[in-house]
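Chemist: No letters, just coordinates:
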């Protein structure tokens, strides 16, 4: 009997050895955990070693990963999800929005004038006053005088006679200047289409009935004035980047697709990375405006970071304007501006040439297109480039915004493997007035077609387009699943058949956003082997009533197993 008892004891010890695990660095438990792993949608606990997930499953099994030095985070009933990925925004713009005049929440032209008046009272004579965020269609009080839907500069110029003022529209596709700024730029009644080597092709100077400039510059015409604004210093760039990173972390953003980055900003990102200050994982699109930069990178190839901090393998092309400024390129004229259909801001020959070269050199192309004509023209160029380069099977080309798509072109995204990178929050902000631009038929058939695209087989990458909208993902998630404004209107939502389910909305911010950057194998879900990036919310976004979603806050942001923000 003693022999058998000894044998049983040995078996028991062997069994214990096979189940014992090396202690993890971090153990998270005590809340609801959504994994985005189809095989195991929820977990009770997650274990992390280094910057990777080593376990996701039951709390009982997770206990095997606890050691004397294991840090334990008790969620205390909160909800954890894969780290949220901002799928389209502008990092430096977020930072500079905090440094300059923030006009995002103003309710009238008069309020904008007051903000400029206050800034001018503190500024030195000749100092530029710049800002961003105003949107005339969101004002509750309309200006006394408008030309083509925009105010005129007279009152603004009166409160800032000694300071040039340049205020970007929320979309970034138009801007408003005062008389001093136009004087410096040489813009006047007699201004022709060319000023000091610059032109307004792909843009427009809005003029009144007498031919005088109103102060509104659309698309490429903005450069007539903006080129005179003193360039940012290295110090202010670094300050803006630091502010932007902090904004991302407190809003639960663990990865960021930066939609159009300059040479100087890329250098700054590398500097921050080398100094250990680039806390958010960056996926960078090179700005298509700098052709020298594009060809320089095409020659040397993509930079795919093995540490997953800073990856550069994408090119951003700006191909039309925005709906708010009536610059989106449409197949038919605007309902509220007959005879005008917006404009292309980049030659379609350039889109085709860039697409061909990108496929040959391992780069992704991400083209800004809001209007239905812009979407069609870009899909046509992509299709030609794909056909000419059949050996490239996994290009993952994207269209950024894909806001208004003709019904004939909606199935083409899935057919061609093109990713629509859409910002659900734009529907919430824009839909109440967008119907004035497009009319009911075009809105219903072609605008914000999330569910139609998903059912066709396309994958949607979600985001905020910050600083056009705040970088906060919660209002964006709310818009995706309700199709309401942030005031909760209308009852049932706009075109409710196009709502995303909550799982689809979560996927668009996690796993499909990772797919949009070729990173679904390292992030986007909570699975062993993937990066330990998590966003913790105060409420369960998947189950709470719609009315409670906007009351949810980010409680904690974890990147690479490190807590980088805690409320």
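Modeler: Structure's in. What do you need? Worth saying up front: this structure is predicted, and the values here are computed from it rather than measured.

Chemist: immediately after whichever helix in the chain runs longest, which helix or strand?
Modeler: When the chain is parsed with DSSP state H, its longest helix is helix 424-446. Heading C-terminal from helix 424-446, the first helix or strand you meet, by DSSP states H and E, is helix 450-456.

Chemist: Buried residues of that next one, list them for me.
Modeler: For helix 450-456, the neighbour count (16 or more other CB atoms under 10 Å) marks 450, 451, 452, 453, 454 as buried. (C-beta placed from N, C-alpha, C; glycine too.)

Chemist: before we move on, what about stretch 276-290?
Modeler: Buried, per 16+ other CB under 10 Å, within stretch 276-290: 278, 279, 280, 281, 282, 283, 284, 285, 286, 287, 288.

Chemist: can you name the two of these that are farthest apart?
Modeler: Greatest spacing in those, by CB to CB: 279 and 288 (27.3 Å).

Chemist: Quick one: the buried residues of helix 450-456 as a markdown table, columns for pLDDT and distance to residue 221 too.
Modeler: Output for these, formatted as a markdown table (pLDDT from 0 to 100; distance: CB to CB, whole Å):
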| residue | pLDDT | distance to residue 221 |
| --- | --- | --- |
| 450 | 98 | 33 |
| 451 | 98 | 37 |
| 452 | 98 | 35 |
| 453 | 98 | 33 |
| 454 | 98 | 37 |
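
Chemist: Closest to residue 466 out of those residues?
Modeler: residue 450 (19.5 Å).

Chemist: ok, the closest one - contacts?
Modeler: Neighbouring residues of residue 450 by CB atoms under 8 Å, 6 or more residues apart in numbering: 422, 424, 460, 480, 498, 499, 500, 504.

Chemist: and the last one, what element?
Modeler: In this case it means residue 504. Using DSSP H and E, residue 504 falls within helix 502-509.

Chemist: what sits up against the helix or strand following that helix?
Modeler: Using DSSP H and E, the helix or strand that follows helix 502-509 towards the C-terminus is helix 511-515. Outside helix 511-515, the residues that touch it by CB under 8 Å, 6+ apart are 36, 82, 85-87, 255, 257, 396, 419, 459-463, 520, 522-525.

Chemist: again, only using 10 Å
Modeler: Helix 511-515 has contacts (CB atoms under 10 Å, 6 or more residues apart in numbering) with 35-38, 82-88, 255, 257, 283, 396, 419, 421, 454, 458-463, 504, 506-507, 519-525, 530-531, 533.

Chemist: just how off-centre is it within its chain?
Modeler: Distance of helix 511-515 from its chain centroid, counting by CA atoms, centre = their mean, to the nearest Å, is 13 Å.

Chemist: go on, stretch 343-358?
Modeler: Relative to its chain's centre, stretch 343-358 lies at 22 Å (CA atoms, centre = their mean).

Chemist: related to what we said a few turns ago, return the member of the contacts of residue 450 nearest to residue 304.
Modeler: Nearest to residue 304 among these is residue 460, at 23.8 Å by CB to CB.

Chemist: Give me the distance between the nearest residue to that closest one once chain neighbours are set aside and residue 254.
Modeler: Distances taken as CB to CB, 6 or more residues apart in numbering put residue 508 closest to residue 460, at 4.7 Å, once the chain neighbours are dropped. Distance, residue 508 to residue 254, by CB to CB, to the nearest Å: 15 Å.

Chemist: Going by residue numbers, what spans are helices in the stretch 51-200 of the chain?
Modeler: 59-62, 91-99, 109-122, 154-158, 179-185 (DSSP state H, counting those that start in this stretch).

Chemist: Relative to residue 370, which of the ones you listed is closest?
Modeler: helix 91-99 (17.5 Å).

Chemist: can you list the domains in this protein?
Modeler: Following automatic domain parsing, the chain resolves into domains at 2-77, 85-90+233-566, 108-226.

Chemist: Pipe those domains into CSV and attach distance to residue 96 per row.
Modeler: Output for the domains of the chain, formatted as CSV (distance: least, CB to CB, whole Å):
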stretch, distance to residue 96
domain 2-77, 30
domain 85-90+233-566, 5
domain 108-226, 8
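
Chemist: Please identify the deepest-packed of these.
Modeler: Mean neighbour count, computed with mean count of other CB atoms under 10 Å, is highest for domain 85-90+233-566 among the domains of the chain, reaching a mean of 20.

Chemist: That domain spans what distance, first to last residue?
Modeler: Start to finish, the residues bounding domain 85-90+233-566 are 18 Å apart (CA to CA, to the nearest Å).

Chemist: likewise stretch 365-378?
Modeler: Taking CA to CA, stretch 365-378 runs 11 Å from one end to the other.

Chemist: Quick one, grab the pLDDT at residue 141.
Modeler: Note for residue 141: predicted pLDDT of 88.

Chemist: Pretty sure residue 488 sits against residue 479.
Modeler: No. Using CB atoms under 10 Å as the test, residue 488 is too far from residue 479 to be in contact (11.2 Å).

Chemist: any common contacting residues for these two?
Modeler: residue 550.

Chemist: ok, and the closest non-adjacent residue to the residue nearest to the spatial centre of the chain?
Modeler: Closest residue to the average C-alpha location of the chain: residue 88 at 2.3 Å, with CA atoms, centre = their mean. With sequence-adjacent residues excluded and distances taken as CB to CB, 6+ apart, residue 88 is closest to residue 463, at 4.0 Å.

Chemist: That neighbour against residue 423, yeah?
Modeler: Yes. Judged on CB under 10 Å, residue 463 makes contact with residue 423 at a distance of 5.2 Å.

Chemist: which residues of the stretch 101-250 of the chain fall in strands?
Modeler: With DSSP state E, counting those that start in this stretch, the ranges of strands along the stretch 101-250 of the chain come out as 101-102, 129-134, 146-147, 150-151, 165-169, 174-177, 194-195, 198-199, 203-207, 213-219.

Chemist: Which strands border the first one, and is each parallel or antiparallel?
Modeler: Read that as strand 101-102. The pairing partners recorded for strand 101-102 under DSSP bridges are strand 129-134 (parallel).

Chemist: And the fifth one, by the same measure?
Modeler: Partners of strand 165-169 in the sheet, by DSSP bridges, are strand 129-134 (parallel), strand 174-177 (antiparallel).

Chemist: can you state the direction angle for it and helix 91-99?
Modeler: 130 degrees (axes from the mean of the first three to the mean of the last three CA atoms, to 10 degrees).

Chemist: Compute the inter-axis angle for strand 165-169 and helix 109-122.
Modeler: Using the same axes, to 10 degrees: strand 165-169 against helix 109-122 is 140 degrees.

Chemist: Tell me the gap between strand 165-169 and the middle of its chain.
Modeler: Averaging C-alpha positions (CA atoms, centre = their mean) puts strand 165-169 21 Å from its chain's average.

Chemist: Check the first one too.
Modeler: Shown here is strand 101-102, whose average C-alpha point lies 19 Å from the average C-alpha point of the whole chain (CA atoms, centre = their mean).

Chemist: Next one: residue 563 from residue 486, what distance?
Modeler: Taking CB to CB, one finds residue 563 at 29 Å from residue 486.

Chemist: Now do the SS call for residue 45.
Modeler: strand (DSSP: H, G, I helix; E, B strand; the rest coil).

Chemist: ok, it touching residue 28?
Modeler: Yes. The pair residue 45 / residue 28 is scored as a contact, 6.5 Å apart, by CB under 10 Å.

Chemist: Now do the shared contacts for those two.
Modeler: Contacts common to residue 45 and residue 28, judged by CB under 10 Å, 6+ apart, are 56, 62, 72, 75.

Chemist: do you know how far the closest residue to residue 383 other than its chain neighbours is from residue 542?
Modeler: Excluding the flanking residues, the one nearest residue 383 by CB to CB, 6+ apart is residue 416, at 5.8 Å. If you measure residue 416 against residue 542 using CB to CB, the figure is 32 Å.

Chemist: what does residue 303 give?
Modeler: Distance from residue 303 to residue 542, counting by CB to CB: 36 Å.

Chemist: Over to residue 353?
Modeler: Here the distance between residue 353 and residue 542 works out to 45 Å (CB to CB).
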